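[1] need the 3D shape of this:
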Amino acid sequence: MSIAENIKTVRERIAQAAQNNSRRADDITLIAVTKTHPAAVVEEAIRSGITDIGENRVQEAVEKYENVKERAVWHLVGHLQRNKVKTALRIFDIIHSVDSIRLAAEIDKRAAAPVDVLVEINIGEEPSKSGILPDATLPFLKELRAFPNLRCRGLMTIPPMIEDTERLRRYFREVARIQSEANRMNIFDYPLTDLSMGMTDDYETAIEEGATMVRIGRALFGERININQ
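    Numbering: from 1, shown residues only. Below is the predicted model of the structure:
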């Protein structure tokens, strides 16, 4: 199938998942994750109706961004190192992976204007993953109020890779609960509106549990290209 056909299929599945939770498909942002795929693929995706592009690595994104002529919203969905912040701010419209006060401070220092960010939660409390632990998320959000150049739009998570759908659903539900609690507490003077959760293998479940952004790569573009070959 072509990229355009894959996009159509994924959008249909997004619409069905949204309907399952009495939501509108238009409220779900499809982020096409183009990690390891060249600029030509990014441009084809945008011409096929994609409005939001996701990249995992800053350096890889730089090379594509400079060669992609089509306009899109660029999302950094991977881990951000502090020494890459200056470059990231030149490319990305939204950073999904704020996971430390030191990173938040660096973004705040480098930004010329408020930057849209999401706070990454390590919902499975996995040692190999970055992110704020669930119990520490609300205190962390309170600390972010000290940084005027960060505009926190919501939360992001990558749950453990498991086949147990009900357990997976509980992870997504817990992230949504934490966001609701943050809003109930009025941590910011505006509501947190976005939940970035769900990828190729679990995005329908994530949408049913409140995701407003899904990060899809393989279902749109096939397996990742081995860039080391």
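[2] show me the strands in this structure, by range?
    With strands called from DSSP state E, the chain shows them at 29-33, 52-55, 73-76, 94-98, 115-121, 150-157, 194-196, 213-216.
[3] can you show me the CA trace of the helix ranked longest in the chain as CSV?
    Using DSSP state H, we find that the single longest helix of the chain is helix 165-184. The C-alpha atoms that make up helix 165-184 are tabulated as CSV, following Å, rounded to 0.1, in the frame of the first residue of the first chain:
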residue,chain,number,x,y,z
THR,A,165,-4.7,-4.8,26.6
GLU,A,166,-6.4,-4.3,29.9
ARG,A,167,-3.2,-3.6,31.7
LEU,A,168,-2.1,-1.3,28.9
ARG,A,169,-5.5,0.5,29.2
ARG,A,170,-4.9,1.0,32.9
TYR,A,171,-1.5,2.7,32.1
PHE,A,172,-3.2,5.1,29.7
ARG,A,173,-6.1,5.7,32.1
GLU,A,174,-3.7,6.6,34.9
VAL,A,175,-1.9,9.2,32.7
ALA,A,176,-5.3,10.7,31.9
ARG,A,177,-6.2,10.7,35.6
ILE,A,178,-3.0,12.5,36.5
GLN,A,179,-3.8,15.2,34.0
SER,A,180,-7.3,15.6,35.3
GLU,A,181,-6.0,16.0,38.8
ALA,A,182,-3.5,18.6,37.7
ASN,A,183,-6.4,20.5,36.1
ARG,A,184,-8.5,20.1,39.2
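[4] for the record, mean pLDDT for it?
    The average of the pLDDT scores along helix 165-184 is 97.
[5] partner residues bridging Ile121?
    Bridge pairing for Ile121 (DSSP bridges) gives the partners Ile132, Thr157.
[6] burial measure for it, as a count.
    27 (other CB atoms under 10 Å). In this view, the C-beta of every residue, glycine as well, is placed from N, C-alpha and C.
[7] what do you get for Met213?
    The number of residues near Met213, taken as other CB under 10 Å, comes to 26.
[8] pLDDT weak spots in the protein?
    Counting by pLDDT under 70, the chain contains low-confidence residues at 224-229.
[9] okay, helices next: where are they in it?
    3-20, 39-47, 58-65, 85-91, 101-110, 137-144, 165-184, 203-208, 218-221.
[10] dump the second one to CSV, keeping only the CA atoms.
    Output of helix 39-47 as CSV, limited to C-alpha atoms (Å, rounded to 0.1, in the frame of the first residue of the first chain):
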residue,chain,number,x,y,z
ALA,A,39,13.1,13.9,3.5
ALA,A,40,11.3,12.7,0.4
VAL,A,41,9.1,10.4,2.5
VAL,A,42,8.3,13.4,4.8
GLU,A,43,7.3,15.5,1.8
GLU,A,44,5.2,12.7,0.4
ALA,A,45,3.4,12.3,3.7
ILE,A,46,2.6,16.0,3.9
ARG,A,47,1.4,16.0,0.3
